[in-house]
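> Please find the sequence and the predicted model below.
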Amino acid sequence: MTQNNYKETDRMSDVISDEFHLLQMLSRFGISLGFGEKTIKEVCDEAGVDCATFLVVANYIKSGDEKVSLQADRVSVASLMSYLRQAHDYFLGFELPAIRRKLLEALDCSQKDEVAFLILKFYDAYMNEVRKHMELENRKIFTYVDRLLEGDKPDNYEIAQFARNHDSINKKLQELKNIIIKYYVPQGDTNLLNAVLFDIFNCEQDLFAHCEVENLLFVPAVQLLEQRVMAERSHKPVDDRSAEQEELSDREKEVLACVVKGMTNKEVADRLFISLNTVLTHRKNIARKLQIRSVAGLTIYAIVNKLVNLEEVDIS
Ligand SMILES: [Fe+2]
Ligand SMILES: [Fe+2]
């Protein structure tokens, strides 16, 4: 199994035993343990996870192969985004705070050790940076992609802009790790410090993979979605707006026909046995519904929609 890519017919338990890093991936896809002998496909179907997306991400985590971008057309953007969102929750709500707690314990900050204090400060600044990075993705990028998924492409933004400015947030963690290894001399038991260092190594790797899934898979998949939405938009009938346009009532059509025949508001009121105020209200509603205010424009509308004949209209 270690040589080949995972397939949907592989047993989920075998896959996890083969590559334990996939454990973290499971919860981000909303999959719980206890899958017995079930295959990847069966587990994904039961959890409502897109199996193709699961496999593409799992095989990337296993191999680290950058050619994963070529499979962007196989993934479900919605599934991948939900995975990334849950990964953000995991880093911000669980992994980074857990490392901080362990650091506090391992560094023994009660000793007023200046290096320990600076390491914690460095870590807090780092956590803030990651929080800003991920919250921006949740708020701005994922909201944009949600709109794309609904078939709406805002004109002033493209995912390529995100890709150009996307920092790798694992670099600073690498720096922190090196500072601890090189300059911190533990006061007593070194097991705690080694254990937290081990967690930082893991977290750094996990964050790197997270960013790479965004760069190599999420961005190209969203670009494909952008192209689809743009293509659908260009195939829509040009006069699509008129379909969404509010319909005129029968009374409004009558008023409109009178107006384009050149009748005054008073004449319209007399002809239709309604008050002058009612005529004015109808005219206001007609202008609002059609977004046409000029008599020339209303005349064209009335002729196109066969409310009047050309001979009847006042074109003087
Ligand atoms: Fe992210
Ligand atoms: Fe990111």
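Structure received. Keep in mind the model is a prediction, meaning the values are calculated, not measured. Ligands and ions are numbered 1, 2, ... in the order given.

> since we're on the nearest residue to I31 once chain neighbours are set aside, how many residues are nearby?
Nearest residue to I31 in three dimensions, chain neighbours excluded: A47, at 4.7 Å (C-beta to C-beta, 6 or more residues apart in numbering). (Each C-beta comes from the backbone N, C-alpha and C, glycine too.) By other C-beta atoms under 10 Å, the residues close to A47 number 15.

> mind showing which ranges of the protein have poor pLDDT?
1-3, 108-111, 236-245, 315-316 (pLDDT under 70).

> residue furthest from the geometric center of it?
D270 (57.8 Å; C-alpha atoms, centre = their mean).

> quick one: it from E312, how far?
18 Å (C-beta to C-beta, to the nearest Å).

> if we can go back for a sec, in which helix or strand does the residue farthest from the centre of the chain reside?
helix 265-272 (DSSP states H and E).

> Show me how far that helix is from its chain's centre.
How far helix 265-272 lies from its chain's middle: 55 Å, per C-alpha atoms, centre = their mean, to the nearest Å.

> helices and strands around it, which ones?
Here helix 265-272 touches helix 250-260, helix 276-290, going by 3 or more C-beta pairs under 8 Å, 6 or more residues apart in numbering; DSSP states H and E.

> Nearest to E114, out of the ones you listed?
Closest to E114 of the helices and strands packed on helix 265-272, according to C-beta to C-beta: helix 276-290, at 70.1 Å.

> what's the closest one packed up against?
Looks like helix 276-290 contacts helix 250-260, helix 265-272, helix 295-304 (3+ C-beta pairs under 8 Å, 6+ apart).

> Around T264, how many other residues sit close by?
Other residues lying near T264 total 12 when counted by other C-beta under 10 Å.

> That one and R283, how far apart?
Distance from T264 to R283, counting by C-beta to C-beta: 12 Å.

> now do E226
E226 sits 43 Å away from R283, going by C-beta to C-beta.

> Ok, V15 next?
Between V15 and R283 the computed distance is 70 Å (C-beta to C-beta).

> Mind splitting this structure into its structural domains?
1-63, 68-235, 244-312 (automatic domain parsing).

> how about the nearest residue to H210, chain neighbours excluded?
Counting by C-beta to C-beta, 6+ apart, the residue nearest H210 is A87, at 5.4 Å.

> Could you check how far stretch 205-222 is from the centre of its chain?
That offset, for stretch 205-222, works out to 14 Å (C-alpha atoms, centre = their mean).

> Name the residues of it that are buried.
For stretch 205-222, burial by neighbour count (16 or more other C-beta atoms under 10 Å) applies to 206-222.

> Now do the end-to-end distance for it.
Start to finish, the residues bounding stretch 205-222 are 24 Å apart (C-alpha to C-alpha, to the nearest Å).

> got it, and stretch 105-122?
16 Å.

> Of all the residues in that stretch, which ones are buried?
Result for stretch 105-122 [16+ other C-beta under 10 Å]: buried residues A106, L107, D108, D113, A116, I119, L120.

> Quickly note the distance from the first one to D73.
It refers to A106. Counting by C-beta to C-beta, the gap from A106 to D73 is 46 Å.

> Mind checking the helices and strands packed on helix 265-272 for the one nearest to K132?
helix 276-290 (44.0 Å).

> Can you list the neighbours in contact with the closest one?
245-248, 251-252, 255-256, 259, 265-266, 268-269, 272, 292-293, 298, 301 (C-beta atoms under 8 Å, 6 or more residues apart in numbering).

> Show me which of the residues you listed are buried.
Using 16+ other C-beta under 10 Å, the buried ones in the contacts of helix 276-290 are L248, E252, V255, L256, V259, N265, V268, A269, L272, I292, L298, Y301.

> Now for the fifth one: which residues touch it?
Shown in contact with V259 (C-beta under 8 Å, 6+ apart): V268, R283, V295, L298.

> Likewise for the third one?
Neighbouring residues of V255 by C-beta under 8 Å, 6+ apart: V268, L272, V279, H282, R283, I286.

> Kindly report the same for the first one.
For L248, the residues meeting the contact criterion (C-beta under 8 Å, 6+ apart) are L256, I286, K289, L290.

> Could you identify which of these has the most neighbours?
Counting neighbours by other C-beta under 10 Å, the top entry in the contacts of L248 is L256, with 24 neighbours.

> Looks like that residue contacts G297 (just checking).
No. With contact defined as C-beta atoms under 8 Å, L256 does not reach G297; the gap is 11.1 Å.

> Distance-wise, check the residue nearest to the spatial centre of the chain relative to H166.
In the chain, the residue lying closest to the centroid (C-alpha atoms, centre = their mean) is F142, at 2.2 Å. Distance, F142 to H166, using C-beta to C-beta: 14 Å.

> Same question for V77.
17 Å.

> Same question for V15.
From V15 over to H166 (counting by C-beta to C-beta), the distance is 29 Å.

> So for the two, which residue has more residues nearby?
V15 (21 against 16).

> Now do the strand or helix carrying the more buried one: which elements does it pack against?
For V15, the host element (DSSP H and E) is helix 12-18. Helices and strands touching helix 12-18, as assessed by 3+ C-beta pairs under 8 Å, 6+ apart, comprise helix 22-28, helix 40-47.
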